[in-house]
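Peer 1: give me the fold of what follows.
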Amino acid sequence: MQDGRGLGIDALVLAGGLGTRLKDVLHGKPKVLAPVGGKPFLDHLLAWLARAGTARVVLALGHLADRVKDHLAAAEPPLPVTVVVEDRPLGTAGAVAHARPALRGEPVLVMNGDTWFDADLNAFLDDFRASGAAFSILCVEVPDGARYGRVSVDANGFVTGFAEKDPTARGTALISAGTYLLSAAALDRIAAAEGPSLERDVLERLPAGTVRAWCPGAARFVDIGTPDSLATAPRVMAGAKGERAPE
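Peer 2: Alright, predicted model coming up:
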């Protein structure tokens, strides 16, 4: 839920991935246009960011970028959208660096284009500003962490470590929601990174206590990266809004 204020900052949505695990259900669509509750997932993301008072969205595209641009041209996005397209896969850190010239101001909200969660982005921004950190990561608690890498956080709200995903792990886990607030200094660091991954090549290499973690608890969380999770997305997202799940 949002608190009615306005973020007033740019959001960068990383949506250039191949969507390999969804190939059989997407039928030639890019992952960000996967149907959820009768409309593309991108539409849900843009509506959610608009409700939070985001100033503008920069959409970083790659695979099947023309399909997304055609959709935006035919639709009426609820907030300004600027598109940048990479000519080859750059990874998450590379995509941020590539899109940086299109971003305005700081901090910048950066998020993966295949996740959604029921969390207050204004509270996330308030915590980031109060912390004085250059990097902040939004973390959520999920009931089954086997699909995800885990995040360890100290009592002061700073990341102490990242663990690779463990398919044998059972039970709840605190994970990255793939959403970050980044200062200009953080963007500089990402631009200078030697590897393609924002988490592995940037965040995991920072000293313990450098990265702020904001953890709203058991917020509803959707990752549409697999056919099973895509199938459950309408029910989870509708439940977060107190509505009947779309058929």
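
Peer 1: from now on I want contacts and neighbour counts done on CA atoms only, so please keep to that.
Peer 2: Will do.

Peer 1: please, which helix or strand holds L72?
Peer 2: helix 65-74 (DSSP states H and E).

Peer 1: list the buried residues of that helix.
Peer 2: A65, V68 (16 or more other C-alpha atoms under 10 Å).

Peer 1: mind giving me the packing neighbours of the top helix by length along the chain?
Peer 2: Of all segments of type helix in the chain, defined using DSSP state H, the longest is helix 227-240. With contacts defined as 3 or more C-alpha pairs under 8 Å, 6 or more residues apart in numbering; DSSP states H and E, the packing partners of helix 227-240 are strand 35-36, strand 221-223.

Peer 1: format those strands as CSV; extra columns: mean neighbour count, mean pLDDT and distance to R235.
Peer 2: Below are the helices and strands packed on helix 227-240 laid out as CSV (neighbours: other C-alpha atoms under 10 Å; pLDDT from 0 to 100; distance: least, C-alpha to C-alpha, whole Å):
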stretch, mean neighbour count, mean pLDDT, distance to R235
strand 35-36, 20, 94, 9
strand 221-223, 19, 88, 10
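
Peer 1: figure out which of the ones you listed is closest to V202.
Peer 2: strand 221-223 (22.2 Å; C-alpha to C-alpha).

Peer 1: list the strands paired with the closest one, with their directions.
Peer 2: Sheet partners assigned to strand 221-223 using DSSP bridges are listed as strand 115-117 (antiparallel).

Peer 1: and for the strand it pairs with, what's in contact with it?
Peer 2: L45, A177, G178, A219, R220, F221, V222, D223, I224, M237 (C-alpha atoms under 8 Å, 6 or more residues apart in numbering).

Peer 1: which secondary element of the protein has the worst mean pLDDT?
Peer 2: helix 23-26 (a mean of 80; mean pLDDT, DSSP states H and E).

Peer 1: in the protein, which spans are strands?
Peer 2: Along the chain, the segments classed as strands by DSSP state E run 10-15, 35-36, 39-40, 56-61, 81-85, 108-112, 115-117, 135-142, 150-153, 159-163, 173-182, 211-214, 221-223.

Peer 1: can you list contacts of the first one?
Peer 2: Applying C-alpha under 8 Å, 6+ apart, the contact partners of strand 10-15 are 31-32, 54-62, 92, 95-96, 99, 103-114.

Peer 1: average pLDDT across it?
Peer 2: In this model, strand 10-15 carries a mean pLDDT of 97.

Peer 1: how far out from the middle of the chain is it?
Peer 2: Relative to its parent chain, strand 10-15 has a centroid offset of 8 Å by C-alpha atoms, centre = their mean, to the nearest Å.

Peer 1: from here on, call the first residue 337.
Peer 2: All set: I'll call the first residue 337, so the last point we hit is now strand 346-351.

Peer 1: what comes up buried for that strand?
Peer 2: For strand 346-351, burial by neighbour count (16+ other C-alpha under 10 Å) applies to D346, A347, L348, V349, L350, A351.

Peer 1: same deal with the fifth one?
Peer 2: Applying a neighbour-count criterion of 16+ other C-alpha under 10 Å, one finds V417, V419, V420, V421 buried in strand 417-421.

Peer 1: OK, contacts around the last one?
Peer 2: In this structure, V421 makes contact with G352, A396, L397, G398, A401, judged by C-alpha under 8 Å, 6+ apart.
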